[in-house]
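In: quick one, what's the 3D model for this:
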Amino acid sequence: MNQKSVRHAALATFAVFAINGFVFASWAARIPAVTRVLGLTAGEMGLLLLTIAAGSVIALPLAGTVVARLGTASTVRVGGFTSSLGGLIIATALAWDSVPLTALGLFFFGVGIGLWDVSQNVEGADVERRLGRTIMPRFHAGFSGGALAGALVGAALSAMNVSMSAHLFAIVALVVVAMVAIPRHFLPSARTTAAAGSQPVRAPGGSLPAKARSAWSESRTLLVGLVVLGAALTEGAANDWIAKATVDGIGATESGGAIMFAVFVASMTAFRFFGGRFIDAHGRVPVLYGSLGAALLGLVLFVVAPNIWLAGLGAVFWGAGAALGFPMGMSAAADDPARAAARVSVVSTIGYVAFLAGPPLLGFLGDHVTVRWALLAIGAAIVASILTAPAAKPLPVEDYEGASR
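Out: I've put the predicted structure just below:
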């Protein structure tokens with residue numbers, strides 16, 4: 001594989017991450033508007049958001065098998081088309097003010113996002129290994145940059161009183177075109193044998209063992225998953241609730257809430273774009289400690305801030321701290337090339353379950369203490385990630401086989 005093809009694959013992977021972020025943020029930035037249109041409380045909206053999590057929880061464990069059978073390019077396409085179907089259903093449901101139909105659309109949206117997310121991370125890990133340098137944070141910066149663009153578009157459309165249905169129809173058209181064109185530049189060898197979360201490991205002589213070990217039984221992989229769990233919950237909670245917490249807790253307008261979400265995403269995007277240099281210079285574990293500490297500081301400041309300006313400063317620290325945990329977890333899972341796809345699939349599954357299932361639970365808590373104060377519960381997950389951060393230390397080559405024991 002020549003370096004020109006790898007660079008093309010890197011650009012395609014970046015673009016797929018960016019479109020993923022744009023699609024997700026286009027939904028997340030307008031959750032306050034959807035809540036108002038459907039006449040839901042925070043707890044009821046949290047229950048509705050669980051349908052996204054349900055779809056993804058079903059799709060994520062199957063993603064390794066789908067990637068093994070179809071390859072990453074085809075799996076990204078399946079995910080993109082499925083999420084587009086969900087978007088069409090949601091758009092129709094909002095036009096009809098139908099909560100059940102919205103839930104169905106969100107379920108398909110979650111299934112599509114789950115397949116899309118795992119396959120893009122498997123592709124990103126393969127590209128990173130072939131380039132020989134830390135680039136995974138830049139792929140996730142693509143996600144964050146796309147999310148920033150989606151948030152800004154959401155804020156503008158909200159200010160112009162454009163309906164969410166019309167917004168979603170336009171997003172679906174964008175995704176369909178992108179899914180046809182972009183994945184064709186993925187690496188041709190990205191198809192893996194990661195079915196069902198396991199992958200054959202070759203012995204030193206080149207033979208395969210009688211039975212491949214499951215990545216779900218590896219202690220290091222699960223600990224890396226816990227690191228990613230806290231980081232993903234930190235990011236996911238902001239995606240789903242920072243806009244509404246700004247509106248309800250600080251008294252901002254809906255467009256002001258979308259702008260606060262954009263501040264968070266802008267900070268996260270910047271640190272992801274340049275974070276690879278810090279990781280290469282200082283190592284994963286020290287950067288993880290600094291990132292998670294900043295996330296905890298920013299979260300607390302956002303919640304207790306007496307005005308929107310200090311809350312915005314908290315959002316900056318929160319975004320900076322949330323930037324690198326997830327991509328570093330993906331890189332840690334991919335240290336051993338022979339087991340990378342299986343481990344990335346497992347760690348992605350753990351992370352995305354937290355990313356998607358955690359925020360709706362905060363909505364239920366928000367019914368009792370307000371959404372803004374409910375966000376403090378994320379601090380416990382951040383502390384757990386700090387405690388397990390050493391698991392992300394890069395594996396020496398001689399330990400590749402031993403990491404699963």
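In: got the contact list for Ala166?
Out: Ala91 (CB atoms under 8 Å, 6 or more residues apart in numbering). For glycine as for every other residue, the C-beta is placed from the backbone atoms N, C-alpha and C.
In: would you state the helices of the stretch 301-405 of the chain in chain order?
Out: 308-322, 325-333, 340-369, 371-374, 378-388 (DSSP state H, counting those that start in this stretch).
In: same question, the stretch 1-150 of the chain
Out: Using DSSP H, counting those that start in this stretch, helices in the stretch 1-150 of the chain cover 3-28, 31-38, 42-70, 72-95, 99-131, 136-159.
In: out of those, which gets nearest to Leu362?
Out: Ranking the helices of the stretch 1-150 of the chain by proximity to Leu362 (CB to CB) places helix 42-70 first, at 6.9 Å.
In: so which elements touch the closest one?
Out: If you count contacts as 3 or more CB pairs under 8 Å, 6 or more residues apart in numbering; DSSP states H and E, helix 42-70 packs onto helix 31-38, helix 72-95, helix 99-131, helix 219-250, helix 340-369.
In: what separates stretch 170-183 from the chain centre, distance-wise?
Out: 19 Å (CA atoms, centre = their mean, to the nearest Å).
In: still on that earlier bit, quick one: closest of the helices of the stretch 1-150 of the chain to Gly230.
Out: When the helices of the stretch 1-150 of the chain are ranked by proximity to Gly230 (CB to CB), helix 136-159 comes first, at 15.7 Å.
In: that closest one: which residues count as buried?
Out: Within helix 136-159, the residues scored as buried using 16 or more other CB atoms under 10 Å are 136-155, 157-158.
In: isn't Asp280 right up against Thr134?
Out: Yes: look at Asp280 against Thr134 with CB atoms under 8 Å: they come within range, at 5.2 Å.
In: between these two, tell me which one has more neighbours.
Out: Thr134 (20 against 12; other CB atoms under 10 Å).
In: tell me the spacing between the more buried one and Ala33.
Out: 38 Å (CB to CB, to the nearest Å).
In: kindly report the same for Ile90.
Out: Separation of Ile90 from Ala33 (CB to CB) stands at 12 Å.
In: ok so, going back, using JSON lines, lay out the helices and strands packed on helix 42-70 together with distance to Phe14, mean pLDDT and mean neighbour count.
Out: Below are the helices and strands packed on helix 42-70 laid out as JSON lines (distance: least, CB to CB, whole Å; pLDDT from 0 to 100; neighbours: other CB atoms under 10 Å):
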{"stretch": "helix 31-38", "distance to Phe14": "27", "mean pLDDT": "81", "mean neighbour count": "20"}
{"stretch": "helix 72-95", "distance to Phe14": "13", "mean pLDDT": "91", "mean neighbour count": "23"}
{"stretch": "helix 99-131", "distance to Phe14": "9", "mean pLDDT": "89", "mean neighbour count": "24"}
{"stretch": "helix 219-250", "distance to Phe14": "18", "mean pLDDT": "86", "mean neighbour count": "26"}
{"stretch": "helix 340-369", "distance to Phe14": "17", "mean pLDDT": "77", "mean neighbour count": "24"}
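In: near the closest residue to Gly150 other than its chain neighbours, how many residues? Count them for me, please.
Out: Spatial nearest neighbour of Gly150, chain neighbours left out: Ala25 (3.2 Å); criterion: CB to CB, 6 or more residues apart in numbering. Residues lying near Ala25 (other CB under 10 Å) number 26.
In: thinking again about what came up before, can you list the helices of the stretch 1-150 of the chain in JSON lines and add distance to Leu226?
Out: Output for the helices of the stretch 1-150 of the chain, formatted as JSON lines (distance: least, CB to CB, whole Å):
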{"stretch": "helix 3-28", "distance to Leu226": "23"}
{"stretch": "helix 31-38", "distance to Leu226": "27"}
{"stretch": "helix 42-70", "distance to Leu226": "16"}
{"stretch": "helix 72-95", "distance to Leu226": "25"}
{"stretch": "helix 99-131", "distance to Leu226": "17"}
{"stretch": "helix 136-159", "distance to Leu226": "18"}
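In: closest to Leu365 out of those helices?
Out: Once these are compared by CB to CB, helix 42-70 is nearest, at 8.4 Å.
In: model confidence over that closest one, on average?
Out: Averaged across helix 42-70, the pLDDT comes to 81.
In: re the thing from before, any shared contact partners between Ile90 and Ala33?
Out: With CB under 8 Å, 6+ apart, Ile90 and Ala33 have common neighbours Met164.
In: picking up where we left off before, so which of the helices of the stretch 301-405 of the chain comes closest to Ala231?
Out: Nearest of the helices of the stretch 301-405 of the chain (CB to CB): helix 325-333, 2.6 Å.
In: show me the contact partners of the closest one.
Out: 121, 124-125, 128, 134, 136-137, 139-140, 221, 224-225, 227-228, 230-232, 234-235, 272, 275, 279, 284, 287-288, 291-292, 295, 340, 343-344, 346-348, 351, 385, 391-394.
In: mind listing what's buried in the helix or strand harbouring Ala270?
Out: Applying DSSP states H and E as the criterion places Ala270 in helix 254-282. Using 16+ other CB under 10 Å as the test for burial, helix 254-282 gives 254-273, 275-276, 278-279.
In: and what of stretch 312-326?
Out: Neighbour-count burial for stretch 312-326 flags 312, 314-326 (criterion: 16+ other CB under 10 Å).
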